[in-house]
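Novice: Build me a structure from this.
(chains A, B, C and D)
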There are 2 protein chains.
Amino acid sequence: MATIKELARKAGVSKSTVSRVINNDPNVKEETRKRVLSIVEEMDYKPNILARSMITGYLPIVLIIVGDIQNHYFAKTVVGIERELTEKNYMAVVYNSMYDVEREKEFIRMAKGCRFAGIIPMTAVKSDELEECLNNVDCPIVLINKNLKKTPLDAVFGNDFEAGYLSTAELIKNGHTRIAYLSGPSKSSVSIERERGYKEALYDNGIEIDESIMFEGKLDIKSGYEIGKKIFENSDITAVSSNNFLMALGAFRCGRDMGKPMFTKIDVACNETVPELYEESGFIYAGSDLESIGTKAAQFLIHRIEKLDEPIQKIIFSATRVHNPK
Amino acid sequence: MATIKELARKAGVSKSTVSRVINNDPNVKEETRKRVLSIVEEMDYKPNILARSMITGYLPIVLIIVGDIQNHYFAKTVVGIERELTEKNYMAVVYNSMYDVEREKEFIRMAKGCRFAGIIPMTAVKSDELEECLNNVDCPIVLINKNLKKTPLDAVFGNDFEAGYLSTAELIKNGHTRIAYLSGPSKSSVSIERERGYKEALYDNGIEIDESIMFEGKLDIKSGYEIGKKIFENSDITAVSSNNFLMALGAFRCGRDMGKPMFTKIDVACNETVPELYEESGFIYAGSDLESIGTKAAQFLIHRIEKLDEPIQKIIFSATRVHNPK
DNA sequence: GTGAAAGCGCTAACAA
DNA sequence: TTGTTAGCGCTTTCAC
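Specialist: Below you'll find the model as predicted:
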């Protein structure tokens, strides 16, 4: 593959001059620039980014760590991140941790070894070890829906309280008053906030909170299905508000299998945007726009990479996407 | 960040010795090795992979180009690729082309500039320009479900004929004889093969092929929905076989909206595996296991990277995943 | 405006 | 078993 040296020889100039041309340094005579450029074209020369990175100190690549690339929640956000990064001439490496802390630590170390420009950890995993690891990596980091205990870092959040509130409010608008709730793990701040939104929506509409129709699930389809059985036994319940989409789907399937009039009499809502494949379905949902969250995170990161002296920024995205098919 | 030079100084040895230790060269005295290793530990040293790559000539990173990361077809395959690559100490960069040829070309050029170890283009896009571009990149490439006209390259395919055949056969097993078909673009080899499978399954079961109930769609939900309208007007049709999942979903929704007894009297099948979220649904499907395809592609690529003298390999994966909820 | 030279962190002969 | 040396392709002073 052509190098700067060969170009220099062919163009009859020094390596430095070629370097100036390909980096748009203005201190080059127009004539020289043209000559070099024509040879660049002719030889289909591409600068070796590795060599350049040895000098700048980092590769223009950002590591994104997600818990599960097949989950739309992550995939959507990644799309937003990538869009911004690509535009600013960075690349994105997406890494699937499968929610495994050890894997995440490994990726972070690898990113360090490769001198990546930055890291966006989007994992749901909580771990002191992981925090420790993130602390030790001296490269720019932007968090999504996550705070570290000790280190203050740039971060982007969705408004989970609002999501819980708004989706529940839609159920109420549709005339429901007996609304079961599927909550997530009680230690997760996302889950706590969404649940708080559910409760506040009930309260604001004069509906009593009934802890006996609130259930804690494991965020997957199966646990939504299991809880669904309990919910639909209780015949006065006409709606379900779910912490996340997967459990909502499980509950819906359970109701359907039990012969309930799902989406006609009985409504199901969830507190995050649904995958695109389900957007036209009967689900009610409210959530922040995941692509926008990704884009903002990428912007923060690029700022951090390019001038490391800005104050720490945090931003919360409103749950602007509210959908009610009725 | 610590470098080999500092380590050498601290350990009282030369850079070479440190290099040997971190590369597990056996020609190092055990005592020396231990001393160096303890300092590696102490300083939390990570070798600079950039510098190493300048010598080996490439970064241990593979570029995967997909048309749409939110499509399960790509996401699933990527999971398989990543699994294999990670195990062999390579990383994977996933790039979303959004089916845009220009973007794909840009990524390929970037991969070249970054001296990536290899490329796995998985895009559905056809273009002579792209072929040209792939031709000019002198780095290992493995294709998925794709052949280049001029250049022979390693490639992995799903068995699309079989997928079309098997999914249609399931419909026939369920007692259907009037089976509409939703085909994909007539120039795509994947679509052609799947359609051939559909026809052959009908033929083998003594069912006449009726071109008037075969429709060409655009592979998305919307076009499945539109075609659904035509299909379900025709009241003697009791089943739909679809080239891909998205159109099957569209057709299903259309039937449901028209009040048809979907999944009870009327069956819908598609000629590829469905997204995980739909695995428990009423869809019939047959297709190759996408993760396995990804894993195999990664294996081919690694072979190609590590010894460039093997003959070109092509492999076709049988449509082993056949699912019929009845 | 341009070139020569140093050096980024590492590996790979070659010597010792 | 270890150290010395050269060099990967590029950028970046510093002269001229």
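Novice: What number of residues are in the vicinity of the residue lying closest to A:Leu148 once chain neighbours are set aside?
Specialist: Closest residue to A:Leu148 apart from its sequence neighbours, by Cβ to Cβ, 6 or more residues apart in numbering or on different chains: A:Glu131 at 5.2 Å. To be clear about C-beta, it is placed using only N, CA and C from the backbone, and glycine gets the same treatment. Neighbour count for A:Glu131, taken as other Cβ atoms under 10 Å in any protein chain shown: 15.
Novice: Okay, the closest residue in space to A:Asn89 that isn't next to it in sequence and B:Cys133: tell me how far apart.
Specialist: Leaving aside its sequence neighbours, A:Asn89 sits nearest to A:Pro60 (Cβ to Cβ, 6+ apart; 6.2 Å). Separation of A:Pro60 from B:Cys133 (Cβ to Cβ, to the nearest Å): 21 Å.
Novice: how about the residue nearest to A:Leu148, what does it touch?
Specialist: A:148-151 (Cβ atoms under 8 Å, 6 or more residues apart in numbering or on different chains).
Novice: how about a cut-off of 7 Å?
Specialist: Going by Cβ atoms under 7 Å, 6 or more residues apart in numbering or on different chains, A:Glu131 touches A:148-150.
Novice: Now the buried members of those.
Specialist: The neighbour-count test (16 or more other Cβ atoms under 10 Å in any protein chain shown) applied to the contacts of A:Glu131 identifies A:Leu148 as buried.
Novice: Looking at the contacts of A:Glu131, spot the one nearest B:Lys296.
Specialist: Closest approach between those and B:Lys296, by Cβ to Cβ: A:Leu148, at 39.6 Å.
Novice: what about A:Ala269, helix or strand, and which?
Specialist: strand A:267-270 (DSSP states H and E).
Novice: Quick one: end-to-end distance for stretch A:204-212.
Specialist: The straight-line separation of the ends of stretch A:204-212 (Cα to Cα, to the nearest Å) is 20 Å.
Novice: What are the structural domain limits within chain A?
Specialist: Following automatic domain parsing, one finds the domains of chain A at A:4-44, A:58-155+A:290-318, A:160-287.
Novice: who wins for proximity to DNA strand C among these?
Specialist: domain A:4-44 (3.4 Å; Cβ to the nearest atom of the strand).
Novice: So what's the model's average confidence on the closest one?
Specialist: Taken as a whole, domain A:4-44 has a mean pLDDT of 92.
Novice: What pLDDT is listed against the closest residue to A:Thr320 other than its chain neighbours?
Specialist: Spatially, and ignoring its direct neighbours in sequence, A:Thr320 is nearest to A:Asp289 (6.0 Å; Cβ to Cβ, 6+ apart). A:Asp289 is assigned 96 on the pLDDT scale.
Novice: Let me see the contact set for A:Asp289.
Specialist: Neighbours of A:Asp289 in contact, by Cβ under 7 Å, 6+ apart: A:317, A:320-321.
Novice: From DNA strand C, how far off is it?
Specialist: Per Cβ to the nearest atom of the strand, to the nearest Å, A:Asp289 is found 41 Å from DNA strand C.
Novice: hang on, the earlier thing: now do the helix or strand harbouring the residue nearest to A:Asn89: which elements does it pack against?
Specialist: Taking DSSP H and E as the criterion, A:Pro60 maps to strand A:59-66. Strand A:59-66 sits against helix A:72-87, strand A:91-96, helix A:101-113, strand A:116-121, with contacts defined as 3 or more Cβ pairs under 7 Å, 6 or more residues apart in numbering or on different chains; DSSP states H and E.
Novice: can that strand be found next to DNA strand D?
Specialist: No: Strand A:59-66 lies out of reach of DNA strand D by Cβ under 7 Å from any atom of the strand, never closer than 11.9 Å.
Novice: which residues touch that strand?
Specialist: By Cβ under 7 Å, 6+ apart, the list of residues contacting strand A:59-66 reads A:53, A:74, A:78, A:81, A:85, A:89-97, A:104, A:107, A:111, A:114-123, A:301, B:50.
Novice: that older thread, of all the helices and strands packed on strand A:59-66, which lies closest to B:Ala297?
Specialist: Closest approach to B:Ala297 among the helices and strands packed on strand A:59-66 (Cβ to Cβ): strand A:91-96, 16.4 Å.
Novice: If you count contacts, what does that closest one end up packed against?
Specialist: So strand A:91-96, by 3+ Cβ pairs under 7 Å, 6+ apart, packs with strand A:59-66, helix A:72-87, strand B:91-96.
Novice: mind listing what the first one pairs with, with the direction of each?
Specialist: Strand pairing for strand A:59-66, using DSSP bridges, gives strand A:91-96 (parallel), strand A:116-121 (parallel).
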